[in-house]
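Chemist: Show me how the following folds:
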Amino acid sequence: MDLKYILYFFIGGMVVSIVSYFASHSKGLVAAFFANLPVITFVTFIIIYFESGEKNVILYAKSLLIMLFPWLAYIFSIIILGSKIGIIPSLIIGLTTYFIISFFIMKFLAIKI
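Modeler: All right, here's what the predicted structure looks like:
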């Protein structure tokens, strides 16, 4: 097994643990700060750069911007529907919305899934 995947696992786990801790103590803004901290993307950028170069890092960064729109739809689904139908149904609807919008974006950009 490649060591970089173990590094991904530990960094991801640390971020999730920190976010969960602060969110469970009613510190949503602090939790959101850590959730959006670009640690994972930073590490990903570095690894992509060393494995395949600058061009692929830039392509990945542009792709992240494009996929921001489905993610925003997911978040707004939870914000809007969470208090109306509950968190679990709003999460399911949000994820479904994310996948549908992502599918159409990738189809429109002629990217094979």
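Chemist: Can you tell me how far the most centrally placed residue in the chain is from K84?
Modeler: When the chain is reduced to its mean C-alpha position, the nearest residue by C-alpha atoms, centre = their mean turns out to be W71, at 7.3 Å. Summarising the geometry, the distance separating W71 from K84, computed by C-beta to C-beta, to the nearest Å, is 21 Å. Any C-beta I mention is one placed from the backbone N, CA and C, and that applies to glycine too.
Chemist: Check V19 too.
Modeler: Using C-beta to C-beta, which is the criterion applied here, V19 is 25 Å from K84.
Chemist: Helices of this structure, residue ranges please.
Modeler: In order along the chain, the chain carries the following helices (DSSP state H): 3-24, 28-36, 39-52, 54-66, 68-85, 87-108.
Chemist: which helices and strands does the last one pack with?
Modeler: So the one you mean is helix 87-108. Secondary-structure packing of helix 87-108 (3 or more C-beta pairs under 8 Å, 6 or more residues apart in numbering; DSSP states H and E): helix 68-85.
Chemist: Just the C-alphas of the helix it packs on, formatted as PDB.
Modeler: Presented in PDB, the C-alpha positions along helix 68-85 are these (Å, rounded to 0.1, in the frame of the first residue of the first chain):
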ATOM      1  CA  LEU A  68     -18.700  24.100  -6.400                       C
ATOM      2  CA  PHE A  69     -22.200  24.600  -7.900                       C
ATOM      3  CA  PRO A  70     -23.500  21.200  -7.000                       C
ATOM      4  CA  TRP A  71     -22.000  21.400  -3.600                       C
ATOM      5  CA  LEU A  72     -23.700  24.800  -3.000                       C
ATOM      6  CA  ALA A  73     -27.000  23.200  -4.100                       C
ATOM      7  CA  TYR A  74     -26.400  20.400  -1.500                       C
ATOM      8  CA  ILE A  75     -25.700  22.900   1.300                       C
ATOM      9  CA  PHE A  76     -28.700  25.100   0.400                       C
ATOM     10  CA  SER A  77     -30.900  22.000   0.400                       C
ATOM     11  CA  ILE A  78     -29.900  21.300   4.000                       C
ATOM     12  CA  ILE A  79     -30.400  25.000   5.100                       C
ATOM     13  CA  ILE A  80     -33.800  25.400   3.400                       C
ATOM     14  CA  LEU A  81     -35.200  21.900   4.000                       C
ATOM     15  CA  GLY A  82     -33.600  21.000   7.300                       C
ATOM     16  CA  SER A  83     -36.100  22.800   9.600                       C
ATOM     17  CA  LYS A  84     -39.100  21.900   7.300                       C
ATOM     18  CA  ILE A  85     -38.600  18.200   6.800                       C
END
